[in-house]
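Asks: structure for this input, please:
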Amino acid sequence: MQRKAVRRVLPGIAMLTALAAGAAGLTGCTGGGDRAGTSDSKAGGGAAAPAQPGKYRSLPAPCRAAADSKKLKAMLPEPDGLTPEQLDQMYAGVADSSYDGDRHVGCRWTAQTPEETRLLSVGFERVVSYDRAAASDDDKAKQVYVRLLTDAHLPFPGPATTPSPGATNPANPADPGKPANPANPAASTPPPANAAPPASGAPAPGAPAAGTPAPGTSPSPQPELGSRVLEGLGTEAFLDDKLSPAGATAAQSRTVRIVFRTSNVIVKVEYSVQPTLPGTVPSSAETQDRARQLALALVERFNE
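Replies: Predicted coordinates:
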């Protein structure tokens with residue numbers, strides 16, 4: 001009888017043990033899942049929020065944006081023999097072909113006269129970041145601008161350095177604050193104390209006679225302003241001035257390119273003056289000023 005009772009009890013104990021082990025395993029899995037979920041939620045909470053889109057979601061039509069009659073007529077003089085309709089068509093410009101008008105657009109103008117040919121182009125590029133968690137649209141536009149600045153071989157803008165008041169003048173070490181005049185040494189040397197003053201109407205010692213040009217002098221050419229970083233134009237800007245080499249039969253052409261960034265848009269203005277006659281050099285100051293005036297007008301257009 002006792003053996004039969006033992007046989008009946010053992011299976012029951014084994015079943016209870018198995019059930020208890022299964023319950024413990026289930027509890028362990030559930031607890032691990034809770035910890036994993038807590039860890040995942042903490043990791044997700046620490047991720048950086050993506051940056052907001054750039055200021056500009058679209059681009060204006062460049063032909064209309066640059067259609068300032070006064071500025072265009074100053075940059076593109078009217079050729080002779082054109083009808084009013086032809087003039088309107090010339091100043092309206094020709095739009096560049098674009099497969100994405102919200103990202104890249106441009107416009108071009110051409111004016112030809114017997115004296116010269118003038119070319120003008122304007123381009124807009126809207127920069128978009130495809131991973132705003134890593135970089136904003138403005139950050140990407142900044143990278144594009146820096147690449148263009150580097151390609152133009154221009155230095156990055158920095159604080160200007162000025163010589164200290166006590167710095168030595170290398171041209172005149174004896175007097176740091178007094179510039180030397182190597183072209184006229186007599187002007188830099190004071191006259192002796194006992195020297196008699198020149199007679200009335202007589203030229204001073206070392207000065208050329210009236211109406212006589214100084215020896216070795218020639219009419220000074222117009223100054224070259226050169227390429228440089230600009231201030232007060234959009235967020236950041238630079239100007240690239242290129243003059244073609246002189247030739248015996250070819251005239252020198254000048255091309256001024258202004259690039260500026262406003263938020264997530266890059267704007268390019270390129271203005272070229274090509275004279276017909278050899279020996280004619282387009283003015284650096286005049287060409288740059290006209291291109292800059294148009295660039296300032298485009299800045300105002302984007303700020304509207």
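
Asks: okay, residue 241 and residue 232: tell me how far apart.
Replies: For residue 241, the distance to residue 232 (CB to CB, to the nearest Å) stands at 18 Å. (C-beta placed from N, C-alpha, C; glycine too.)

Asks: looking at the protein, which helix or strand is least sure?
Replies: Of all helical and strand segments in the chain, the minimum by mean pLDDT, DSSP states H and E falls on helix 185-188, at a mean of 43.

Asks: just after that one, pick out the following helix or strand.
Replies: Per DSSP states H and E, the first helix or strand lying C-terminal to helix 185-188 is strand 228-230.

Asks: now that following strand: buried residues?
Replies: 229, 230 (16 or more other CB atoms under 10 Å).

Asks: higher neighbour count, residue 241 and residue 232?
Replies: Between residue 241 and residue 232, counted using other CB atoms under 10 Å, the more crowded position is residue 241 (18 against 8).

Asks: would you map the helices across the stretch 201-304 of the chain?
Replies: Taking DSSP state H, counting those that start in this stretch to define them, one finds helices in the stretch 201-304 of the chain at 284-303.

Asks: in it, where is pLDDT below threshold?
Replies: 201-222 (pLDDT under 70).

Asks: repeat the analysis, applying 80 as the threshold.
Replies: Within the stretch 201-304 of the chain, the ranges that satisfy pLDDT under 80 run 201-223, 247-250.

Asks: what mean pLDDT does stretch 63-77 get?
Replies: Averaged across stretch 63-77, pLDDT comes to 88.

Asks: how long is it end to end?
Replies: End-to-end span of stretch 63-77 (CA to CA, to the nearest Å): 17 Å.

Asks: buried ones in that stretch?
Replies: Neighbour-count burial for stretch 63-77, with 16+ other CB under 10 Å as criterion, is recorded at 63, 65, 66, 67, 68, 71, 72, 75, 76.

Asks: how about those residues in a markdown table, adding secondary structure and distance to residue 104?
Replies: Formatted as a markdown table, the buried residues of stretch 63-77 follow (DSSP: H, G, I helix; E, B strand; the rest coil; distance: CB to CB, whole Å):
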| residue | secondary structure | distance to residue 104 |
| --- | --- | --- |
| 63 | helix | 14 |
| 65 | helix | 14 |
| 66 | coil | 16 |
| 67 | coil | 19 |
| 68 | coil | 22 |
| 71 | helix | 23 |
| 72 | helix | 22 |
| 75 | helix | 23 |
| 76 | coil | 24 |
